[in-house]
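Asks: using only what follows, build the 3D model:
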Amino acid sequence: MAATPEKPAPAAASRRKTGRHRGEGQWAVGHMTPLNANEQTKKDDDGLNVRTRIETIYAHRGFDSIDGADLRGRMRWWGLYTQRKPGIDGGKTAILEPEELDDKYFMLRVRIDGGRLTTEQLRVIGEISQEFARGTADITDRQNIQYHWIRIEDMPEIWRRLEGVGLSTTEACGDTPRVILGSPVAGIAEDEIIDGTPAIEEIQRRIIGNKAFSNLPRKFKSAISGSPLLDVAHEINDISFVGVDHPEHGPGFDLWVGGGLSTNPKLGVRLGAWVPLEDVPDVYEGVISIFRDHGYRRLRTRARLKFLVADWGPEKFRRVLEDEYLLRTLADGPAPPVPVQQWRDHVGVHRQRDGRFYVGFAPRVGRVDGTVLTKIAELASAHGSQRVRTTVEQKMLVLDVAEDQVESLVAGLEALDLRVTPSPFRRGTMACTGIEFCKLAIVETKARGASLIDELERRIPEFDQPITININGCPNACARIQVADIGLKGQLVLDDDGNQVEGFQVHLGGALGLEPGFGRKVRGLKVTSAELPDYVERVLRRFQDEREDGERFATWAARASEEALS
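Replies: Here you go, the predicted model:
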C-alpha cells in the first residue's frame with residue numbers, strides 16, 4: 001500500500017535522515033541495473049549491432065518486420081528515425097502512441113564532422129537524395145545533412161554509396177557521441193588561432209563506433225574550433241574546445257563543458273584549463289568517460305551532462321577529470337577573447353591565408369534538395385575547388401577559389417537562389433524540421449521561415465542590422481530558440497475567434513558569442529502563425545526607432561518595455 005503524505009514510507013524516511021538520495025542510475029556508484037525502458041533496451045543489445053539486422057533481415061523483409069526496440073531505439077545509432085505520418089496535426093503530437101505517429105519511412109542523418117566535404121562527397125549526397133529520398137536534403141544547424149522518405153529496403157545501398165566516398169551515418173543519432181562540430185574555415189582562415197582538424201580526425205578514429213562509448217546516458221554533443229569568431233556555438237555543447245593563445249604555451253584550446261538547450265537550457269562553463277592540440281583527444285575521452293560513468297540514467301529529462309556539471313560545479317568536474325581519468329594536471333589558461341562581430345557564419349567572399357578565397361552562401365532556412373547539392377558540387381569543381389563546408393548556421397562554403405573565378409562562382413550560386421550577399425533576414429533565419437516530418441513537432445517551420453523571410457524583405461528592405469530569427473516546431477530547441485534575437489517556440493495558441501491554431505511563444509534577446517545569454521519571455525506573449533510577419537515587423541521597426549548608436553537587438557530587447565516588445 002502506498003504511504004500517505006502524513007506517514008512517509010520507511011525507505012523515504014531513512015533517506016531523509018541520512019541525507020542520501022535515490023540512485024540516479026550512475027554506473028560509477030554501482031547503479032548498473034537499468035532504471036527505465038531506454039536503459040533496458042541498451043543493455044539488451046548495443047545499438048551498433050542493429051546494422052547487421054537491417055542489412056540481413058529488415059532490408060529484405062520490409063518495415064513491418066522491424067522489432068519495436070530496434071525501430072524506436074537502436075536504429076538511431078545508425079542515423080535513422082521514423083518520420084511523422086502525413087496528415088497528423090500538432091494537437092495530436094503528445095496524445096498518440098509512437099506507432100500511431102510513425103510513418104513507414106525514415107529520416108536519415110549523414111554525419112559530417114567538422115562540416116568537411118569534398119565535392120565528390122557532396123555529389124554522392126545529392127545523387128542519393130534524388131534516387132532514394134524524393135529529393136530531400138536539409139543542412140542542419142549541426143553541420144549534417146538530413147534526408148527524408150528513406151525506405152529500409154534501400155539502406156544497404158545507401159550505406160555502400162556513402163561509405164564508398166568516406167561518409168558515415170554511424171552514431172549520427174542515439175545516446176552516443178554525435179557529430180563533432182568544427183570551424184568551416186579550419187586550416188584556411190587568415191585570422192585562425194589554431195586548426196583543430198587533427199583532433200577531430202583522431203577523435204573520430206578513436207571514439208566513433210567504439211562500443212566503449214556507444215551506451216551513454218543520452219546524446220553527447222561536441223565542438224572544436226580555433227576561429228576567433230567562435231563559430232561553433234561552443235556555449236551550448238556538452239564539451240567544447242575553443243581556440244586561445246596562451247601567454248606562455250602558445251596556441252591551444254580553452255575547455256568548456258555542460259552546455260545544452262532543450263526545455264532546461266544551460267550555458268556551458270569554463271573549466272579554466274588550457275589544452276594543447278595533441279591532448280584534445282585524451283581530454284575528450286576523459287570527459288565523455290565521466291559522462292558515461294557518472295551521468296544520470298534514471299530520468300531521461302536529467303540524463304544530459306549539463307545536469308551533472310551543474311550539481312558538481314566546474315572545480316569538482318575538473319578535479320575528477322584530472323585525478324581519475326587523465327591522471328595528470330592540465331595547465332590553467334585564458335578565456336577566449338570576445339569576438340568583434342555578431343555574424344559568425346562566414347557568409348560572403350573572404351580571402352584565405354594562401355591568397356585564394358572562400359565563398360559562403362545562404363540557402364533558405366537550410367532547405368536545399370538533391371539537385372541543388374549536385375549543382376553546387378559541379379559549380380565548385382568547375383571553379384577549381386574540391387572542398388566545400390557546412391556551418392552551424394545552416395549555411396555552406398566553397399573553399400580554395402582563385403581570385404579570377406570568384407565572380408563567376410558567385411553568379412552561379414545566386415542563379416540557384418543561394419545568396420552570397422543575403423539580406424539580414426535570409427542570413428539570420430533558422431528553422432528546425434517541423435511538423436512536416438518530425439514526430440515531436442507541433443507546428444510548421446521550414447515553409448513558415450521561408451515565407452517570413454520573403455515578407456520581411458518586402459516590408460522593411462532598409463533593415464541592415466544583424467538579426468537572428470530561430471523557429472522551432474516544439475519545446476526541444478533544435479533550432480536554438482533561447483539564444484536567438486527572436487526565438488519562436490512552436491505551440492498551439494488561440495486566435496481572436498477562440499480557435500486553436502498553430503502559433504509561437506516568443507523569446508527575445510538571446511545571444512551567443514558577444515554576450516551569451518537566454519532570451520527574455522514577455523508574459524503571455526504568443527503569436528499565431530498568421531500574425532507572425534506583422535509581429536516581427538512591428539518589433540523590428542520599434543528596434544530601429546529606439547536603438548542607440550551601435551546597439552544590438554539583444555541589448556535593446558533586454559531594456560525595452562513590455563509594450564515595445566508586444
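Asks: center of this protein - which residue?
Replies: residue 142 (4.0 Å; Cα atoms, centre = their mean).
Asks: pLDDT at that residue, what is it?
Replies: You'll see residue 142 listed with a pLDDT of 97.
Asks: what's the answer for residue 1, then?
Replies: 32.
Asks: kindly report the same for residue 98.
Replies: 86.
Asks: might one say that it is in contact with residue 72?
Replies: Yes: because the distance of 5.6 Å satisfies Cβ atoms under 8 Å, residue 98 is recorded as touching residue 72. (Glycine included, C-beta is placed from N, CA and C.)
Asks: counting neighbours, go ahead and name the busier of these two.
Replies: The residue with more neighbours, out of residue 98 and residue 72, is residue 72; 19 against 11, by other Cβ atoms under 10 Å.
Asks: just after the lowest-mean-pLDDT helix or strand in the chain, pick out the following helix or strand.
Replies: For the chain, using mean pLDDT, DSSP states H and E, the weakest element among its helices and strands is helix 10-18, scoring a mean of 38. Going down the chain from helix 10-18, the next helix or strand is helix 37-44, by DSSP states H and E.
Asks: list the buried ones in that next one?
Replies: 38, 39, 41, 42 (16 or more other Cβ atoms under 10 Å).
Asks: ok, stretch 470-481 next?
Replies: 470, 471, 472, 473, 474, 476, 477, 478, 479, 480, 481.
Asks: same check, this time on stretch 92-110
Replies: 93, 101, 102, 103, 105, 106, 107, 108, 109, 110.
Asks: okay, and for this protein, where does confidence drop off?
Replies: Applying pLDDT under 70 to the chain picks out residues 1-22.
Asks: just to revisit the earlier point, could you dump the buried residues of stretch 470-481 into TSV with secondary structure and distance to residue 557 added?
Replies: Below are these laid out as TSV (DSSP: H, G, I helix; E, B strand; the rest coil; distance: Cβ to Cβ, whole Å):
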residue	secondary structure	distance to residue 557
470	strand	14
471	strand	17
472	strand	18
473	coil	23
474	coil	23
476	coil	23
477	coil	18
478	coil	22
479	coil	18
480	coil	16
481	helix	14
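Asks: out of these, flag the one nearest to residue 335.
Replies: Of all those, residue 335 sits closest to residue 480, with 22.1 Å by Cβ to Cβ.
Asks: state the distance from the residue nearest to the closest one when sequence neighbours are not counted to residue 99.
Replies: Spatial nearest neighbour of residue 480, excluding adjacent residues (Cβ to Cβ, 6 or more residues apart in numbering): residue 470 at 5.4 Å. In this view, residue 470 and residue 99 are 31 Å apart by Cβ to Cβ, to the nearest Å.
Asks: and for residue 221?
Replies: 29 Å.
Asks: please enumerate the strands of the stretch 301-450 of the chain.
Replies: 331-332, 348-351, 357-361, 367-369, 387-390, 396-401, 429-431 (DSSP state E, counting those that start in this stretch).
Asks: send me stretch 26-41 as CSV with only the CA atoms.
Replies: Presented in CSV, the C-alpha positions along stretch 26-41 are these (Å, rounded to 0.1, in the frame of the first residue of the first chain):
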residue,chain,number,x,y,z
GLN,A,26,25.2,6.3,-12.2
TRP,A,27,27.4,3.4,-13.1
ALA,A,28,30.4,4.7,-11.2
VAL,A,29,28.5,4.3,-7.9
GLY,A,30,27.3,0.8,-8.7
HIS,A,31,23.8,1.6,-10.2
MET,A,32,24.1,-0.9,-13.1
THR,A,33,20.5,-2.1,-13.1
PRO,A,34,18.5,-0.3,-15.9
LEU,A,35,16.0,2.1,-14.3
ASN,A,36,13.9,2.8,-17.4
ALA,A,37,12.9,1.2,-20.7
ASN,A,38,15.6,3.1,-22.7
GLU,A,39,18.4,1.8,-20.4
GLN,A,40,17.0,-1.7,-20.6
THR,A,41,17.0,-1.6,-24.4
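Asks: who touches that stretch?
Replies: Contacts of stretch 26-41 with the rest of the structure, by Cβ atoms under 8 Å, 6 or more residues apart in numbering, involve 23-25, 42-43, 69, 73-74, 175, 292-300.
Asks: give the contact list for the residue nearest to the centre of the chain.
Replies: 178, 179, 181, 221, 392.
Asks: and those, which of them are in strands?
Replies: Judged by DSSP state E, these include 178, 179, 181, 221 as members of strands.
Asks: does the second one really touch residue 110, like I thought?
Replies: Pointing back at residue 179 there. No: counting by Cβ under 8 Å, residue 179 does not reach residue 110; the two are 9.3 Å apart.
Asks: quickly list what's touching both of those two.
Replies: Common neighbours of residue 179 and residue 110 (Cβ under 8 Å, 6+ apart) are 144, 172.
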